[in-house]
Structure formats: C-alpha cells, structure tokens
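Visitor: take a look and give me a structure for this.
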Amino acid sequence: MRNAQRGLSLWALIGISFILILVALLGMKLVPPLLQYQAVRGAIYSISTEGLTAPGEIRGAFQKHSAIDDIDVVQPADLDITKDGSRTVISAKWRTEVPLFLNAGIYINFSVSSSTQN
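Guide: Numbering: from 1, shown residues only. So this is what the prediction gives:
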C-alpha cells in the first residue's frame, strides 16, 4: 500500500509566501514610527527625572535630546508642560501617516506623558 504524499501544494506555498511578504512589508513600514515613539518617550522620561521646572529649561533639554536621538516628529514648541501639584508634567501628542501603497495608508496617533511613567 502506498503512503499518501504529504506537504504543501504549489498554490498553498504561493499563498503563504504572499501573506508572509505582506506582513514583512507592513512591519518594515511601521517600525520607524514606533522607534520615533520610543525615542520621544525616553527623552520625556529622562527630562522629567532631571528635576527641571521652567518651561524654557524643559524645552531646551528636549531640543538637546532631539538632536542626539534624531527626533523630528515632535518639536520643543509642541510639548505641553503643566503642573500637577508639585510635579511638572511633560506631554506630547502627534499623528504620523504611514503610506502603504497607492493611496492607502495608516494614521497612528501617539501620546506620551511623564505622568504615566513607572
């Protein structure tokens, strides 16, 4: 008695390859905005632990972090600096458009605040 062949057919292989390529392309498009988010979050957290209270000092420190970490999605003027009791809260919000293909894209809304850091 002959054993039945096992494995993928050519069409199944093409279909799985197509899906894997789409996932890889989507990942390559979404990684840079997520890295920018991590850089902004790290800069805001670092500045919040420095103990600066004046908005000008905070914006200057963020400008320095932006130059070092190559942050271009948030400018120092975009920072929202408020007081929460005795704490200074630094936050920023921005929207990034990630073009996928033709006229399709993804909008991602980012929000970072020093009050939500652990």
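
Visitor: local confidence estimate at Gly7?
Guide: Looking at Gly7, its pLDDT stands at 76.

Visitor: the spatially most central residue of the chain: which element?
Guide: With distances taken as CA atoms, centre = their mean, the residue of the chain nearest its centroid is Leu34 (2.3 Å). For Leu34, the element it lies in under DSSP states H and E is helix 10-49.

Visitor: distance between that helix and the chain's centre?
Guide: 9 Å (CA atoms, centre = their mean, to the nearest Å).

Visitor: for it, name the packing helices and strands.
Guide: Judged by 3 or more CB pairs under 8 Å, 6 or more residues apart in numbering; DSSP states H and E, the packing partners of helix 10-49 are helix 55-69, strand 87-101, strand 104-113. C-beta here means a position set from N, CA and C on the backbone, and glycine is covered the same way.

Visitor: and the lowest-mean-pLDDT helix or strand in the chain, what's buried?
Guide: Here the helix or strand of the chain ranked lowest by mean pLDDT, DSSP states H and E is strand 80-84, holding a mean of 88. By neighbour count on 16 or more other CB atoms under 10 Å, the buried set for strand 80-84 is Ile81.

Visitor: need the residues that contact it.
Guide: Pro55, Ile58, Arg59, Thr88, Val89, Ile90, Ser91, Ala92, Lys93, Ser115 (CB atoms under 8 Å, 6 or more residues apart in numbering).

Visitor: try stretch 93-110
Guide: The contact list for stretch 93-110, computed with CB under 8 Å, 6+ apart, reads 26, 29-30, 33, 36-37, 40, 73-74, 78, 80, 92, 111-112.

Visitor: try 6 Å
Guide: Applying CB atoms under 6 Å, 6 or more residues apart in numbering, the external contacts of stretch 93-110 come out as Lys29, Pro33, Tyr37, Val73, Val74, Ser111.

Visitor: what about the third one, how many residues nearby?
Guide: When you say that, I think you mean Tyr37. Under the neighbour criterion other CB atoms under 10 Å, Tyr37 is assigned a count of 18.

Visitor: Throw the helices and strands packed on helix 10-49 into JSON lines and include mean pLDDT, thanks.
Guide: Shown next, in JSON lines, are the helices and strands packed on helix 10-49 (pLDDT from 0 to 100):
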{"stretch": "helix 55-69", "mean pLDDT": "92"}
{"stretch": "strand 87-101", "mean pLDDT": "91"}
{"stretch": "strand 104-113", "mean pLDDT": "93"}
